[in-house]
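A.B. asks: dropping a prediction and its sequence here:
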Amino acid sequence: MTTDVRVAKPSWLRAKVPGGERFSNLRDLVRSERLHTVCEEARCPNIGECWNAGEATFMILGDTCTRACGFCAVTSGRPGEVDIFEPIRLAITVEKMGLDYCVITSVNRDDVPDGGASIFAGCIRAVHDRTPHVDVEVLVPDFAGNWDALVKVVEANPVVLNHNIETVPRLYSRARPKAIYTQSLELLQRVKDYAPSMTTKSGIMVGLGETRDELVQTLSDLRTHQCDLLTIGQYLRPSPKHLAIQRYYDPEEFDELGDIARGLGFLHVESGPLVRSSYHAGEQARAARSPSTTTGPQ
C-alpha cells in the first residue's frame, strides 16, 4: 500500500473540535433511541457544525457493513438482525429534533435479500407520517443491482435519492472492490426512469490518485445518467489500514472542479475540501429548484 503524502495537513482542512450544548443533546438523543449516525461512524469532519445546527445523517440497518471499501471508516463484518422497529424510533427522533430536512443512509446489507430497501422505505414513510413537513433525502447503497429493491425506495417518495459514485472507474478495484462503476451509474438512471421528477444526487472524493481527465469523464458520466446534484470533497484517510492519500487538492482546484461540473449541467454543486455528501443537504435540495454557484466550505 502506498504511503500518505509527507506534508502537513493543509490549514483549510482543519475542522473545529465538536462540542456545545446542542451537540451534546443530539448525541444523547441518538444514543437513547439506539440509532446510528454516519456523522459518527464515518468520522465526518463537519459533525460539530452540523449537529449544532440541528442537522444529522442517520445510518440505518446497524453499524456493521458487509463490504470493506478501502476508504471507509465504518466497521465491516457480519451484521446483526434487521430491526423492523427502527423506522418508528427514527421518526420519533426526527420529531424530537425538530428537523425540517432529514438524511437517511445505511451500511451495505448484502446479507439481506432486498439489501435493506424495505427498511429504507419504512423509514421514509414513518418520518412522513409523523412529521409531514419534513423532507427526506436518502443515500442508498447499490442493492447489488437488485432494481426491484430500488423501486421500493423510490415509491416511498424521498425528495432526493443519492448514490455516491465515490471515485473514478480505474480506482474501483482498490477503493470499492465489491461495487461496479457502471452499475452505480445505472442505478441513478433507473431512478429517473421510474420517477422522472425525482432529484438524484451523487458524490465523489478526490485525492486517491485519479487524474483530472478521469475526474472530468466521471462527472460527464454522471450527467449522462441524469444526475442532478453533486458533491466533491477531499478524501481523508480514516486510519493507516485504509487507502493512502495521494495528494491534497487546494480550494482553487475545488472551485475549478465545481465550475466544470456546473458547465456540464448539474443543477447544484458543492465542491470544497470538507464537503461530504450530506453537508448542507437541505440547502442543496432547495438550490436544485433555484440553481446557484455555491461551491461549499473552504
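C.D. replies: Arrived safely.

A.B. asks: mind listing the strands for the stretch 51-200 of the chain?
C.D. replies: Secondary structure of the stretch 51-200 of the chain (DSSP state E, counting those that start in this stretch): strands at 57-60, 64-65, 75-76, 101-106, 135-139, 160-162, 199-206.

A.B. asks: neighbouring strands - and their directions - for the first one?
C.D. replies: When pairing is defined by DSSP bridges, strand 57-60 lines up against strand 36-37 (antiparallel), strand 101-106 (parallel).

A.B. asks: tell me which of the ones you listed lies nearest to Ser239.
C.D. replies: Smallest distance to Ser239 across those (CB to CB): 18.9 Å, for strand 36-37. (Glycine included, C-beta is placed from N, CA and C.)

A.B. asks: for that closest one, give the mean pLDDT please.
C.D. replies: Averaged over strand 36-37, pLDDT sits at 58.

A.B. asks: please apply the same query to stretch 279-288.
C.D. replies: Per-residue pLDDT values over stretch 279-288 give a mean of 81.

A.B. asks: what is the neighbour count of the residue nearest to Asp135 when sequence neighbours are not counted?
C.D. replies: Spatial nearest neighbour of Asp135, chain neighbours left out: Val159 (4.2 Å); criterion: CB to CB, 6 or more residues apart in numbering. Using other CB atoms under 10 Å, Val159 has 19 other residues around it.

A.B. asks: then His280?
C.D. replies: Counted with other CB under 10 Å, His280 comes out at 23.

A.B. asks: same question, Lys241
C.D. replies: 10.

A.B. asks: look up how far Lys192 lies from it.
C.D. replies: The gap separating Lys241 from Lys192 is 37 Å, by CB to CB, to the nearest Å.

A.B. asks: same check on Gly203?
C.D. replies: The value you get for Gly203 to Lys192, if CB to CB is used, is 18 Å.

A.B. asks: for Val140, give me its contacts.
C.D. replies: Taking CB atoms under 8 Å, 6 or more residues apart in numbering, we find Val140 in contact with 105-106, 117, 120, 150, 153, 161-163, 187.

A.B. asks: re the thing from before, how about the strands of the stretch 51-200 of the chain, which one is nearest Ile180?
C.D. replies: Evaluated over these, closeness to Ile180 peaks at strand 199-206, with 14.8 Å, by CB to CB.

A.B. asks: quick one: buried residues of stretch 228-248?
C.D. replies: Within stretch 228-248, the residues that count as buried by 16 or more other CB atoms under 10 Å are 228-237, 242-246, 248.

A.B. asks: ok, those residues vs Leu267, which is closest?
C.D. replies: Asp228 (4.7 Å).

A.B. asks: the closest one against Leu264, yeah?
C.D. replies: No. With contact defined as CB atoms under 8 Å, Asp228 does not count as touching Leu264 (11.5 Å).

A.B. asks: returning to what we had before: any chance of the strands of the stretch 51-200 of the chain in a markdown table, plus mean neighbour count?
C.D. replies: Converted to a markdown table, the strands of the stretch 51-200 of the chain look like this (neighbours: other CB atoms under 10 Å):
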| stretch | mean neighbour count |
| --- | --- |
| strand 57-60 | 24 |
| strand 64-65 | 20 |
| strand 75-76 | 14 |
| strand 101-106 | 26 |
| strand 135-139 | 23 |
| strand 160-162 | 25 |
| strand 199-206 | 25 |
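
A.B. asks: figure out which of those is closest to Val168.
C.D. replies: For Val168, the closest of the strands of the stretch 51-200 of the chain is strand 199-206, at 7.9 Å, according to CB to CB.

A.B. asks: hmm, back to that, okay if I get the strands of the stretch 51-200 of the chain as a markdown table plus mean pLDDT and distance to Gln183?
C.D. replies: Converted to a markdown table, these look like this (pLDDT from 0 to 100; distance: least, CB to CB, whole Å):
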| stretch | mean pLDDT | distance to Gln183 |
| --- | --- | --- |
| strand 57-60 | 88 | 22 |
| strand 64-65 | 90 | 17 |
| strand 75-76 | 86 | 20 |
| strand 101-106 | 92 | 17 |
| strand 135-139 | 95 | 16 |
| strand 160-162 | 98 | 15 |
| strand 199-206 | 98 | 13 |
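
A.B. asks: which one, of the ones you listed, ends up nearest to Pro169?
C.D. replies: The minimum distance between Pro169 and the strands of the stretch 51-200 of the chain falls on strand 199-206, with 11.5 Å, by CB to CB.

A.B. asks: got the angle between the closest one and strand 135-139?
C.D. replies: Counting by axes from the mean of the first three to the mean of the last three CA atoms, to 10 degrees, strand 199-206 lies at 40 degrees to strand 135-139.
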